[in-house]
Structure formats: structure tokens, C-alpha cells
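**Q** structure for this input, please:
(chains A, B, C, D, E and F)
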There are 6 protein chains.
Amino acid sequence: MFAHNKRLMYTVRVSETNPVLANLMLEQFGGPQGELAAAMRYFTQGLAEDDPGRKDMLLDIATEELSHLEVIGTIVCMLNKGLKGAVAEGLEEQGEMFRMLNKGGDSHVTALLYGGGAALTNSGALPWRAEYIDTIGEPTADLRSNIAAEARAKIIYERLINTTDDPGVREALGFLMTREIAHQKSFEKALYSIEPNFPPGKLPGMPQFTDKYFDMSNGSAPVPGPWNNGPQWNVVAHEQAQMPADGRDGSASVKLGDMEAQLGEAAKERLASNLEDDPTTGADLGAGPGAGATTGEDANEGEMSAAEMAATKSRNGGGRGRTSPRNR
Amino acid sequence: MFAHNKRLMYTVRVSETNPVLANLMLEQFGGPQGELAAAMRYFTQGLAEDDPGRKDMLLDIATEELSHLEVIGTIVCMLNKGLKGAVAEGLEEQGEMFRMLNKGGDSHVTALLYGGGAALTNSGALPWRAEYIDTIGEPTADLRSNIAAEARAKIIYERLINTTDDPGVREALGFLMTREIAHQKSFEKALYSIEPNFPPGKLPGMPQFTDKYFDMSNGSAPVPGPWNNGPQWNVVAHEQAQMPADGRDGSASVKLGDMEAQLGEAAKERLASNLEDDPTTGADLGAGPGAGATTGEDANEGEMSAAEMAATKSRNGGGRGRTSPRNR
Amino acid sequence: MFAHNKRLMYTVRVSETNPVLANLMLEQFGGPQGELAAAMRYFTQGLAEDDPGRKDMLLDIATEELSHLEVIGTIVCMLNKGLKGAVAEGLEEQGEMFRMLNKGGDSHVTALLYGGGAALTNSGALPWRAEYIDTIGEPTADLRSNIAAEARAKIIYERLINTTDDPGVREALGFLMTREIAHQKSFEKALYSIEPNFPPGKLPGMPQFTDKYFDMSNGSAPVPGPWNNGPQWNVVAHEQAQMPADGRDGSASVKLGDMEAQLGEAAKERLASNLEDDPTTGADLGAGPGAGATTGEDANEGEMSAAEMAATKSRNGGGRGRTSPRNR
Amino acid sequence: MFAHNKRLMYTVRVSETNPVLANLMLEQFGGPQGELAAAMRYFTQGLAEDDPGRKDMLLDIATEELSHLEVIGTIVCMLNKGLKGAVAEGLEEQGEMFRMLNKGGDSHVTALLYGGGAALTNSGALPWRAEYIDTIGEPTADLRSNIAAEARAKIIYERLINTTDDPGVREALGFLMTREIAHQKSFEKALYSIEPNFPPGKLPGMPQFTDKYFDMSNGSAPVPGPWNNGPQWNVVAHEQAQMPADGRDGSASVKLGDMEAQLGEAAKERLASNLEDDPTTGADLGAGPGAGATTGEDANEGEMSAAEMAATKSRNGGGRGRTSPRNR
Amino acid sequence: MFAHNKRLMYTVRVSETNPVLANLMLEQFGGPQGELAAAMRYFTQGLAEDDPGRKDMLLDIATEELSHLEVIGTIVCMLNKGLKGAVAEGLEEQGEMFRMLNKGGDSHVTALLYGGGAALTNSGALPWRAEYIDTIGEPTADLRSNIAAEARAKIIYERLINTTDDPGVREALGFLMTREIAHQKSFEKALYSIEPNFPPGKLPGMPQFTDKYFDMSNGSAPVPGPWNNGPQWNVVAHEQAQMPADGRDGSASVKLGDMEAQLGEAAKERLASNLEDDPTTGADLGAGPGAGATTGEDANEGEMSAAEMAATKSRNGGGRGRTSPRNR
Amino acid sequence: MFAHNKRLMYTVRVSETNPVLANLMLEQFGGPQGELAAAMRYFTQGLAEDDPGRKDMLLDIATEELSHLEVIGTIVCMLNKGLKGAVAEGLEEQGEMFRMLNKGGDSHVTALLYGGGAALTNSGALPWRAEYIDTIGEPTADLRSNIAAEARAKIIYERLINTTDDPGVREALGFLMTREIAHQKSFEKALYSIEPNFPPGKLPGMPQFTDKYFDMSNGSAPVPGPWNNGPQWNVVAHEQAQMPADGRDGSASVKLGDMEAQLGEAAKERLASNLEDDPTTGADLGAGPGAGATTGEDANEGEMSAAEMAATKSRNGGGRGRTSPRNR
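**A** Presented below is the predicted three-dimensional model:
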């Protein structure tokens, strides 16, 4: 059960209204790295958790994130307070509202659709979606997801702090940013208190593939670093990495029942491409200048220089002169 | 302006209720290839169209698709009519509703969330979204999109017809399917009445790249077909296709201002990877059996056969025996 | 600020596990009419509200809805408790898990992707999205939205109660359902304590259009009811309803600058349809049996009876015999 | 079935093009409170409705909303008419198009992706989604949803009217706004003609919970208002509101089968947290200045003042001086 | 299997950074007509294709599109390179970052949320979604979809070329645009090499409906064009087009089981509208000026002129003077 | 640039077709933890990366994930091969297709909409969306996100392996699962090679908040564990945790300009709730049995027992007998 407390977890002092800054702040209200995502991530994990210690921790932090959600949402509301009155009551001069709605970012959506409130969108006006939560119900994976989520949230707060010189906003954001650091430390402790925790889950890896690094790029070999170099690693060189890893032929097969095979054949036959003929196509029918060669012509090797490309303006200004086959 | 007519465009006679079949029918009500997508596709194109003939055609067909939407939606409602009453009024035996909601497909969503109505979802219960409409406001592209959309809708109707032996449903679906054929023919005419129409738009292609086919796969050469073979085509062989097409070095560059360069350098330095050291990692801290080699060990080349993999059940049943470094 | 309380707002006693029922329950956890939507709807309204009484009410009810979210999520977790262990640890018999994952509904997603936890999805496995919240920041509209939202939530709970005979689940759902009734009453009071509240907002309606009912359907006149009948209403008869409401010509116009007009003309000319010619089209090139008439033929008036449609199986079994023009 | 009428329901006279204003207008074309949402909301309700009078009303109003969709979409097209030609044909001066695309709001998306047409997005360029429709197939809930939807739509039109001084646009928007008022009145009549209609649906509330108001906030008592005060209400005081409403212990339980219990135990054991040890974590490995205390250190109680926070620029400028444990 | 090549398929030379232009370029990186959509469209078709020639073609082109994705993404990264450093390291002057984030378009999202990288969004900051792929697994439809997709992609590139005067960007975009032309030609060939290919799929159309054009608009007849005119077409005149196409009554019916009928009747009765009474409604309770007539009043026929509408500012400035019934 | 190789990275041998199993496999094709998400996550990071070693690693692993995408997609296609032919060609017996489409899970969507191909959806038929990618462009956060993503992917593969006894499928899935382990190890190395890497980014935490653990739950104290216990932590006890963390009053404020203040006051006044009156509401107008007390009545304290709730069927079977005020 939850209780609400009429005081904010951190006092909010905003110097002046600024709907464009408010719009940026939405990133941590209804954005992917924001506080609703954090709260719901830990809350849903807490509900399903059977370990009593982790359950307490998850619900404590979830509740703190809800309290953060309120702080950042309140910052948004304060920054929008001038906009909100104007949208509600209208302005004397008709053109003035148009200007107010076009000050920058996606603040026009906040004004027009949300009336200057704190909407659960990111700074690009995309409504929050639970796709942001990557919980899968296995603590050795979920705690790693939480660690990463806290790291991301810390960074977005850092960026937001950098966008404003309002000391009250900077201070409250500083608190919120710092708490992500503390939460990350708690989740790290929780992960490493499960032993072992790697690989996550229960099934072991196939030993022949746990220590290989496949060089998938041709050209120069990959820069050696601790992620592919040293006694722990076997690098599979590019040529070899382009061979099936299991040493067989890299093909795919399935055993089909009789009717399945028959229907498959029927479909294949119905849809077989005639490789011999060179059919006239819809593109041939409609081709104009700049289409390149069409059926019955030789491929075009004329070149257009970069400068020509840069100057190109119209269909007639580039490409080989030609006319539609229908006009010939 | 629109007017509604109380008669359906095609009479609907359904033999018996079937909420699972109803759920499949939703594919053409609120699915990506369905009638709302068709109606809105042509309606929005019609609004923006300046050519009077095409405008008439687009609005005529849009209106017909709205009429189709009503037909397919009515089929859904008829098939759900038993479910609807049950959901509204409840059933005597409590377990019975559970069975009714679990007859198959996603019909449980239609029952529970939509009360047995025709919801604007596809057969997988995904609500309709305007991402399904690919109109871009250029008739030589949009008419091709319309042709393709009609082809897709025709196929989905064909599949739906194949799912049922209810003659009344088959007949109404047959009508709807056939009209997609007729619409495709109209859109084809409209496309080819613009001359030229290929390439779409106004800028010509760069002649050196309009007629080339790049063989991007290594291994055997591509099967020759009219799409890469014949006088119209120059095939760029695989080796050559892996060279930058412009004959330069395939690199990327941008000119930076002084402060930009300086900030970039600062970020690079702050985040530089130390390539020399082999750091202990979080995975090392938590590693258990099946993790493969960890820092300080040699890469593991033991193999697990396919049969072993197939029989694997637990962390202890596979992988090299090893214990966490923290336990050593 | 929020505080969490380790006791649930309502005690949950589940008789036995049932992942399919759990999946249905998700509708009120992460579905459009569910508790997260309710909590966030009122919480965000509360943040932006300047009236102290309404602010208290919104935050009280938001907090209660969060507490409900915990109750319904806990029911989901209890119903999934058997599934969760199985997914985490695997089962002896390999085929058994396949059967467990295919018991019905979308419970396979909960098992496979969410490990048997309570995910923020609806019963169709669609993740929650803030599009479910329709708050616009004007209390005379938002309170009506809240009233409607409570009514919808009440109904979904009623349907869920009907799906199960587990007395502990029914009782907890009964509590949750009842609270929606109480909340609706509070929101009604709050709406009517604003005077006047209709029309919502500040601008008055245009008097000539506030009391009209447009008969938009041809065929019989609409059934008279209090929504279109009586002294309060002027019905605009169908014929008249198809005339522009403003008495002008129902056309659209805009004044264009010179360059705008010129560019528009250029586009129109480039894209003009040739109405005279009857172009061969892509459909003509590929036409086979069942395509109907193609270019150069007369329209086909042959009919296929309903019985024929019902029996149709293949391209050759229906339609007029014809061959592709390319083969002629 | 539907018919289209070549005249608009309201004549549209736009003074001059303005793609930024056009972008705002999209809110009522493809936005959540817009005309497509309205039309589809009533159309789908009408299809499923069995009461003949309400069915007529729903389809009449749905058809009118489609006619409104055409009016607002036409306004968008008129406002974009200059942009559309420019996008189609290009401009002489290359930089000019860049400026035209960056005039404000999300008009760049309309230009670049939609070619200056009326796309089914909101003013934030989010495509329309059927999540906007909250119909659940129970008239006593759906009519309340409709009432609320009309109230919201009225407000968005009011805001749009306030954004422009173009008299032709204001007038057409005034018509559209007014019709939402009339529709709301019709839906109100339809709701109250069902008796009783509260609580919606069929199941009664549990009497002990219908009249309670839970004070969920600590701090001062809620402001008394008609929503929680008077003979009709029992306020549950904050202390009591934090007790389970059913008088039991607020715990959750489920009966598990033997195998279920065993698998659950196995998972719990595998994933048990070791509460005794204080493990070194990944954060410890990577910790630098500003990380606070790490494993083996005492918690840090140094404070950073608000002014320091406001001036913070770099990792070295704040926090306790410390170095990574790996470097010690 | 794939291999990566460290050279780009086309060399990228960017003159100077420009985050607003970068944001526009995202349209072809993570937008609906962009390169990821293209690559995934052909890749998934290729996986399922059984015709060896088409399979090769689809995977060759998919691979080329992945290579294009890298080119356009690299252009985005180059244009954002200044922004990226600033976001990572912060700027000396606090307000400067605010200005940098508000230069136009949705570049603030790229900065704040994505740190100046190339995110898989369109130019409106909407993340990519697989709804953009319209593949249905039938080559005669899918190849048409591919043709249309290439046409759309060509146009978006054309528009992007028009937005910039940076010659290096124009040239690389010119290459990408041209390849869409070549791909379209290949897909056209592949479509027409299947004979017949129209109608797509296997079921024939019903002959009586393949050649009809329904005039769905009243007012003037549709402009005659090749899409509705000539020997190939039968135009169904507007009057006739408003009759059910099957010659029956255009009604809908289903046979219900006894219990189904009974439950349906019960629901209908419970929810029946009382057509006789004229109930007082919620709108009546809250009505104020500008609401029009309320229950017990005569419909209001006063008119507001367009000029009045244009000047309307407040509730008291328009509408008939009236007071709430509750105040009378 | 990319090249394709006609061999799979791992040979696929499927024993028999099974569209329901195919549907589960989609989780790793188009699901949130699947291979497209992995490939695009690393590919987009690689494009923006300036550190040459990490750039190589990211593109190598991205390319390997694309190769995995092909393996899992091919498994899906093999499992669907019987379904695909049936959908394409139809079946003799009409009811048979209905049964084939309703075998379980969401395989009906794959059949009906995607024709038996491998669609980019998860196992719940939700199309892939780039919201799954949580990259923010800061390596110390992104590498943690990658570590977590690999952990999640490993688990989903483990679950998929458990769902099938087909040895060929198990073996290929075992390979894919193992590679996630290896990738996680590489990303761990890459993270810890940046020193320091915690806290991520550049700004330090505020020292007074980095080491605190807030006990946000009332009731018993949290279970002590390494995440809140030991010298590293200061636990803020529940009572104290409900005080604003900054020691001030937890209120929010903003300085408003004159006009802003005035407009805000006007809105507040227009929308003020009348706290004195007890208005009749819409719920009062429509109230029936089970509604609890309505205006003018005393709150209802009658109780309904759990057994009564469990047996409740109709509005008349529960609640206090009462009639609508309109009928009194």
C-alpha cells in the first residue's frame, strides 16, 4: 500500500517560467530513462520477488523513484505556470499565443494538447510506453538491467543540469542525479550478493563458444583490447569467422510431411520466376529522363560528377536525355 | 461531407456465432492491410490532391472503403453476438465464462476489453496505428503504394475466405476481395496516365548507378534473372562491390570548429579505453560454472556435443567444472 | 513524496495457480482501463492542479490507485507462482514446458518474456502506453474524463469477476471494483462544484449550431429520442444536412503568394493525368484469369453465384477463362 | 454504407499559408482528441449497438465527425499549400528549403515525410493510434466516455482558435467547436435515458466500500469538499487508511502444488542473496571521484552546497577527492 | 551470415556540423521510408523465399540497404559531431547549451536523449517500428510493396537533397537516391517474371465486381479518366451505388443459439433507452452561457456572425445570456 | 559496408514443422531481447563511437548479431514451412485451415498477416520498436546497458531451449545463447578498461546523498543486506525519510511575471470549486441499486461478506435496495 506526503522529497525553487526548458525536463518525467520507468521497473520486480531482502530494497527504491517523479513533474509544472494560465484563459492579442506556442522544442504539444501540465511524454512528445521496462523476471539479469538504467538516468540528469543556469532547478536536479548513483551502488551490491551470478540463469554456455571473439570485419584486424586479446580469448580470424561455427555446411533444413511438401511445391510452382524472358515492366511503361536503361536498352555508363549532382535541380537538368517508351 | 446509408454495401448472412473467427476477421477491420487503413490512405491523399480527376477517384474509393469497413465490422459483430450478451450479463456457471474467453486466438481481448464489439485492432489485438499509411504526398509514389496496398488487402481476404466454411461470410468476403482487384486496376490506370512516372519525382538518378546490380553476397554468384541479367544491367562482382562505389576511400569526415574539436578531444580522452591492462570485471566477480574462461585463465576449448546440449538441464550438468574466483 | 506500506490494501487469498487467469488479470494492471492508467491520470492532474481541494482529492485517489495496482499485480503474481518456478528452473520433461506455455490467451508471453512476473501489459500482451491518459489540463474536461475512466474500470472488474470462481480472487476484485464506484462519485461532486461547467472551457458555442441535430443518414429518419427530439432540438433533415452548414458553397480556398502559386502550378503540370489516353498498365502486363477486363477488353458482366464463391478454390475454378495479354 | 459529398460541411477561407499553424491544426486531425478518433469511436460503437435509437444517433454523429475530419484536414492542406509546391518542385536557392523546413513546431516532418499533405498525426508528429479510443462495449460506460471526449475536443478547438487571427480559420474552427457542444448534449441525453445508469454495468458495489473516502496523504487532512464531506461520505482517516481495508493482514497467498512449491524453492535457493558478505562490486572496480563511499570505506557525509552544485562543471570540481580502488 | 567492411559504400565528406540538418537526415535512418525499413523488408522476405533467384536478389539488396544505413547514419554522426562533444563534456557558459539544444526541429531529442548519436528515429523523434514493414509473405503482393517502397524512398532522398547546399552531403544522398531507382527496376523485373501476377494470389475475383467503378460521391459525376472510363469499366451511378451491391437488402443477420438470444435480450432490456422521457442531464446541471438550450428550453436560433466569432474572447462575450439552472 | 554470405553462421536442422514453436522463437527475432535489437544497439553505438578499439568491437559484434538474426529467423521459417504452403495455396477441407490457425499462441497472426514468414514481432505479435534500444551515447552507460542486454538475451534463449525437445533447434539455440555469454564478457572488459567509469559521465554526485539509503516503507525496517548495511551506508530511517531531503519545507515555487500571475488567477477563479454546496451530480441522476449513498442520503455502512461477493450475479442480488432519485 502507498501513502502520499504533501511535502516534496526535495524543495523546488524555480527562478522564472520557461516552457522550452520544461519540455526538456519531460525527458526525466515521461521519457525512457525517466522516473516513471524507474519506479515501475522496480515496483514490478518487487512484486514478483521472493527473496525478502531484495523485495524490500526494490520497493524502497521504487517508492523513492515515485517521489522523484513528483519532484521532476513539479519542476515541469513550475516552468510551465505562465503558459498554463495563458492557454486556459486566452490572450488579448491573438497572434501572441501563436508566438508563445512556438518558442522551441516540442513545447507546442505541451501547450496545445496538455494545457501546460506535466504530461507523461519524453522531450520529443512521445507518450511513455512500458516497452521502456526491460524486466524479464530473473534477478541475475534484472539487477544488471537496473544498474544500467541507473547509469543512463544519471547521465540524462547531468545533461539536463547542463542546460540551465537556474540555481534552484540545478540543485534539485543535482539531488535526483545523485540518488541514481546511490541506487546503482545498491543494485551492484544486490547482484554480487548472488553467487555465482554469471552467466545469468541456469544453463551453462557451450564451452567451445564462450571464449571466442569472431572478427566479423574484413579489412584490418580489430584493434586489440582486453575484450578480444589476452589468454582469455581465442580470436577467430575473419576468413574463418565466415565459416559456419559448427563446422557443418551452414544450411537449413526441416522434415516436411507429405501434404506440407506438396503444398510447398504448389506454391513454388505458382510463383516461379521465369528467368529466361526479359519482361516489360511497369517501370518501363512509365520511364522518363533519369531512369537509366530500360528494357531493350544497354546499361548506361554515363557519369554525373559530384558538382553536377550538387547543382541538379530538375529532371531535365541531369541524366541522359530520353523519352518514355510510350512516346516513342 | 459524408452521408451514411442505413443499408450495408453488401448483405451479411452469418450462419452461427464464432468469436475466434471474429477475431481473425479483425485483421481487415483494424489491421495494417484492413479497410480503415485503405479508407484513410485514400481520403488523406484525396484532400491534398490538386488534380481534379484523381481527387474524385481517391474520394470515391475512400468512401467505398469506409463502406467496406462497415461490412467487415458488421461481420465481426455478428460472429461475436453470443459473446457480447454473455460478457454484458454474466453467465450462471462461473467457470463457463473462463472457457468462453479462452477459445483461441486473441478473442479473450475482444471479450474482456472490448465487450464483444468490433475493435480497431488487428487479429493480434494490436490497436490500429497510422504508421500503416505510407502516403508521402507525391502521386507517382503514392499511386504505387496504393497498388501495393490493394494487392496486400486482396491476399488477406483470400486467406480469410480460406479460414471459414460459412457461405454467407465467404460470399461477403469474396465481394470485398474482388473490389480490391478493381481498385488496383484504377490506381494502375491513374499511375500510368502520368507521363513519365519513373523515376518518381523530379530529380534524375546519377547515370553511373542506375543500371548497376551489386553482388553483395560472397559464395556463388547470384542466380541470373531479369533483375540482374541482360543488356540493361551491369553486375558489379562481389569483390568490386566491396569497394566504395565512388572510387574514393570510403571514409567519413567533417570539418569541425575549434571548440567542437576541443570538446570532442576532451570526451575522447575522458572515455579512452586502456588497451594495455586486462581489468578484472563484474563478470569475473560473479563467474560460476559454464562461464568459460575468466580473467587470468586460458581460453577454454572444451567442446560440448550437440547431444550434450540437447540433454543439458542444469548449470552443473554442462560446462567445465569451475568455481567463482571469489570462492577460490 | 510517497511512502510504501508492507501490507496490501486488501488481503489476497488465491486458491490455486492459473497462468491463463493471471493473463486476463493483466488487463487491470497494465491495460488501458487499469490501475496504472488511473494512478498516473490523477497523479499528473494533481501535480498541475492549483485548486487546493481538488489537488488533495486527486493525490489521495492517485495514491489509492497505486495501492490497487499493487493488489492486482499481487494477484497476477500469485496466479503465476507455479509458472514462475518452472520457467526459472526448467522442467524434467522437455515437452512439458511447451504445453505449459500454450495453455491459452497470451500467457506464453508472460512466461517467455517476463518470467512469470506481473508485466505492465494488457491481457493481449500490449505494453502500457501513456496514450491511455487523456488528461488535457482543463478541469471541466478532465473531471469528465475521470468519471468516464472510473465507469470503464468498474466494468472491466465486473467482467474479470465473472471469469473466475476463485472466491479469494472474486472478493479482492469486488473491493477494487467498488472503489471505482466511490471514486466516480467523488469526481462527479468535483465536477459539479465548478459552476458553470458546461460547455467546458471559456469560449461560448456559436448559438446557431449548439442545438441542432444533423440527420446524416439517408433512408429512414433517425429514431426520435431525447438526444434529437423535443423543444431543445432542431433537427436538420437529411437533405438539408448535406448542404454546407454556413450557407456558402462548401469550398476551400487560400490566398497564395506569387512564388507559391507558381510552384503549385509547376507541380500540378508535372503530375497532370492524361485523361484521354488509355494507358497499358502493370496490371495489364501481369493479368491472368480472374482479373476481369483488362485494357482493350469490354467490361465483364459474368456473375459468380454465392454458391460458386463458397466453393471457389483455385484461380482456374472461377472467373472468366482468359490468359495474360503477354501470352497472347 | 457511406456517400461522399463534394462540398465541405463548412466553407473554408484561409487568408495565407502558414505551415506552422497547419502543424498545430493537425492536433484535431490525427491527434488523440481529434476528429478521426471521434468518428471511429462512434462508428465502432454504432456497429455493435443493438438499441435502434442509439445506433442511429451514433452513426449520425460518426458521419458528422467524418465530415469534420474533412474540414479540419482541408484547413491543414490550405495552410500547407505553399509548402507543398516547394517540396514537390524544389527551390532555386538551396538554403531556402532548409529555412522553410525549420519555421517551428513539427512542421519539418509534415514537409519532409508527408510532402505538405494532411497526415494523420498529432501536432507532435505522432501517428494516430486506436489506443485513443476507449470504447469497451457497455453503453453506460461508453456514453460517459463520449461525453468526456466531446468536452476534451471542445477545449482543444478553443485553444486552436486562440492561436490564430485568421478570421476564416477561426470561423470554421468555431463551427467545429460548437458541434462538440451539441454532441455532448446528445450523449448526455442518451446516458440519462438509460435508467438506472449508475453504477455502470450490472454488479452492485460492496456496500462497505461505496461511500468511503480514504485519506491517503499524511500531513494535513484533505481540504473538505463535496467529494469527501457531508452525510454521504465516511472519511477513513490517514492512520486507518493505511490498514488493509478488509480487516485482515494485507498479505498475499496462493496454494501451490507439490512440484510448483519445489520449483519455487529451487529458484529461491539458486538466487538467494548472501546477506552476510559485503561483496566487491562492479561499481567498486570502476569508482572515481564523486562516487561516494565504496566497499571498505565509511559513508561520506561531506556536503555540497546548493551554490556549489549550481557551479559544478567537472568531476574534479566536486565530491571528495578519491581515486579508483584499482589504482590504489 | 554477414561480414562488415570498414569502408563505407560511399565516401562521406561533410562541410560543417549542423545538428538541425542531422535531425532531418534521420528520416532515412530510422524513418518509415528509411534504410532500416528497406533492409529489414528485404531481409525477412529473403529468409522466407523459396525461389532461389529471388532469394539471392532479396538478400543482395537487403545487404546493400544495410550498407546504405551505415552511410546515412555516418552522415548524421558527422553533422552532430560538434553537438556530441558539447553534450558529453558540458560547456563553460550555462545558457549556451540551452541555445544549442533549441536550434530547430527535433534536434533537442537527439542531443538530450541520444547524446548526439544516430538514433533509430525519424525526423520527428519517433522510434522506428516494424509496422513500417508491410510484407505479407506472398511475392506477387510483396514485390509490389517493394516497388512502392523504393519509389517512396527515392522521393524522401530527393527532398533531403533539396534541403542542403553541402556538396558532400548532396553527393552521397544522390548516390543513395539513385540506388533506389535501380532497386525499383530489379523488383519490377522480378514481379513481371511471375506470370500471371494479377490478381495477386490464387483466388479469382467475382466477375460481376472486377470491372465496376462505384460513383460514391453525390454532386457532379466523377471526372472521367482511364480509371473509370472506357470499354473496360462499368460505372455504377451514384444513386445505384447507394444500393447494396448484391441486390439484397443490405441488412446483417446471424443465427443465435437459445442462450445467446436470451442473454442478448437481457442486455438489450437492461440498457434500453427510455425514448419518452426527457431526462435532466449532467450538462443541464452545469450549463452556463454559451451552452445553447438546455432541458426545458426551446432550441436557440440566435446567430453569431463570423466577425463575432473572430472577435470572441470570453464566455460572457458570446452566446445568449443565461444562467445555470442550478442558480435559477 | 556489409557483405552477405550464403551460409548460416550455424547449421539449422529442424525435425518437424511446428508453427506454435515458431511463434515462441519470434521472441528472439523481433522481440525486445532479440537479435535485431542487439544488432541495432551495437551498430548505432559503433557509428557514433570515436574510440577506435571500441568501434571495431561494436561493429564486429553487431555483425555477428545480424548473423544470429538470420539463424533464428531461419529456424522460424523452417518451423513454419508447412503452414506457409497451406496459407499460400489453401486446403481442400475448409474447416481445416481454421484449425491450423488456432493451434496456440499468436501463431494465427503469423499465418494470416505474415503468410508464415519470419516477421519482426515478438511472441505476442507486437512489431519490433526502437524503444527497445536504450543507447544514450555515453560509453560508461551504454556498455552497462549492453552487459545487461546480453544477460537478458541469454535468459530468453535458455527459456526457449527449455520449450523444445527438437535436438537440432536446441543445439542452434545453445550456440546463440553461448555467444551472448561471450559478448557480455567483452562488454565487461570494455567497460572496465575506461577508468574511472563510476559514476558514469562527468558530474560528481552531491556527497551528502551518495551513500544514503532511504527506508521508504513503513512497517518493519528493511531486511539488512549489503545494499543498505555496513560502513558504506547511512540508512535514513522511515520517519526521517519522509522529511524533505534538503532540510527545507518540500514546497515548490516559481516567480511569475505580472501577466502570468494575473492569467493564473483568472483561471483559478473561473475553475474554483464551490466547497460549501453539495451539488446534485450526474451519478445522482442515474443512481440505482448498488450505488451506495447518493446526495441527501447518509453514507451506507451495510456490509457484504466475501461469500456474498463470491455469489453475486446481478444488480438486484447485492447492495441496499434503493431506487433512482428520478423515480422517487
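**Q** for residue A:78, give me its contacts.
**A** Contacts for residue A:78 (CB atoms under 8 Å, 6 or more residues apart in numbering or on different chains) come out as A:12, A:14, A:17, F:252-254. Yep, even glycine has a C-beta here, placed from its N, CA and C like the rest.
**Q** change it to 7 Å
**A** Residues counted as contacts of residue A:78 (CB atoms under 7 Å, 6 or more residues apart in numbering or on different chains) are A:12, A:14, F:252, F:254.
**Q** could you report the distance from it to residue A:87?
**A** Look at residue A:78 and residue A:87: by CB to CB, to the nearest Å, they are 16 Å apart.
**Q** surely residue A:213 is in a helix?
**A** No - going by DSSP: H, G, I helix; E, B strand; the rest coil, the assignment for residue A:213 is strand, not a helix.
**Q** so what's residue A:111 scoring on pLDDT?
**A** Per-residue pLDDT puts residue A:111 at 96.
**Q** work out for me the element it sits within.
**A** With elements taken from DSSP states H and E, the one containing residue A:111 is helix A:107-112.
**Q** then that helix to CSV, C-alphas only?
**A** What follows is helix A:107-112 as a C-alpha-only set of coordinates in CSV (Å, rounded to 0.1, in the frame of the first residue of the first chain):
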residue,chain,number,x,y,z
SER,A,107,6.6,22.8,-26.1
HIS,A,108,3.8,23.5,-28.5
VAL,A,109,2.4,20.0,-27.8
THR,A,110,2.5,20.5,-24.0
ALA,A,111,0.6,23.7,-24.5
LEU,A,112,-2.0,22.7,-27.0
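**Q** close to chain D, is it?
**A** Yes - using CB under 7 Å from any CB of the partner chain, helix A:107-112 comes into contact with chain D via A:108-109, A:112.
**Q** format those residues as a markdown table; extra columns: neighbour count and distance to residue C:57.
**A** As requested, the residues of helix A:107-112 next to chain D are exported to a markdown table (neighbours: other CB atoms under 10 Å in any protein chain shown; distance: CB to CB, whole Å):
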| residue | neighbour count | distance to residue C:57 |
| --- | --- | --- |
| A:108 | 27 | 30 |
| A:109 | 27 | 27 |
| A:112 | 29 | 27 |
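**Q** find the nearest non-adjacent residue to residue A:88, please.
**A** Counting by CB to CB, 6 or more residues apart in numbering or on different chains, residue A:88 lies nearest to residue F:267, which is 4.0 Å off, once chain neighbours are set aside.
**Q** which strands and helices lie in contact with the helix or strand hosting that neighbour?
**A** If you go by DSSP H and E, residue F:267 is part of helix F:258-270. Packing partners of helix F:258-270 (3 or more CB pairs under 7 Å, 6 or more residues apart in numbering or on different chains; DSSP states H and E): helix A:81-89.
**Q** what helices and strands are in contact with the following helix or strand past the helix it packs on?
**A** Next in sequence after helix A:81-89, counting helices and strands by DSSP H and E, comes helix A:94-101. The contact analysis (3+ CB pairs under 7 Å, 6+ apart) places helix A:94-101 against helix A:81-89, helix A:107-112.
**Q** of those, flag the one that's most buried.
**A** helix A:107-112 (a mean of 28; mean count of other CB atoms under 10 Å in any protein chain shown).
**Q** just how off-centre is that one within its chain?
**A** Put simply, helix A:107-112 sits 23 Å off its chain's centre (CA atoms, centre = their mean, to the nearest Å).
**Q** tell me if that helix is near chain F.
**A** No - using CB under 7 Å from any CB, we find that helix A:107-112 stays clear of chain F, coming within 13.1 Å at best.
**Q** repeat that for stretch A:198-205.
**A** Yes - using CB under 7 Å from any CB, stretch A:198-205 reaches chain F at A:199-203, A:205.
**Q** endpoints of that stretch, how far apart?
**A** Length of stretch A:198-205, first residue to last, CA to CA, to the nearest Å: 10 Å.
**Q** next, the buried residues of stretch A:170-189.
**A** A:170-189 (16 or more other CB atoms under 10 Å in any protein chain shown).
**Q** show me which residues of the helix holding residue F:267 are buried.
**A** F:260, F:263-264, F:266-267, F:270.
**Q** ok, residue A:147 touching residue A:188?
**A** Yes - between residue A:147 and residue A:188 a contact is recorded at 5.9 Å, counting by CB atoms under 7 Å.
**Q** show me where chain A has strands.
**A** A:2-5, A:12-14, A:212-214, A:217-218, A:234-236, A:252-254 (DSSP state E).
**Q** before we move on, the earlier item: between the residues of helix A:107-112 next to chain D, which sits nearest residue C:70?
**A** Within the residues of helix A:107-112 next to chain D, proximity to residue C:70 (CB to CB) peaks at residue A:109, which comes in at 31.9 Å.
**Q** what's the spacing between the closest one and residue D:141?
**A** 28 Å.
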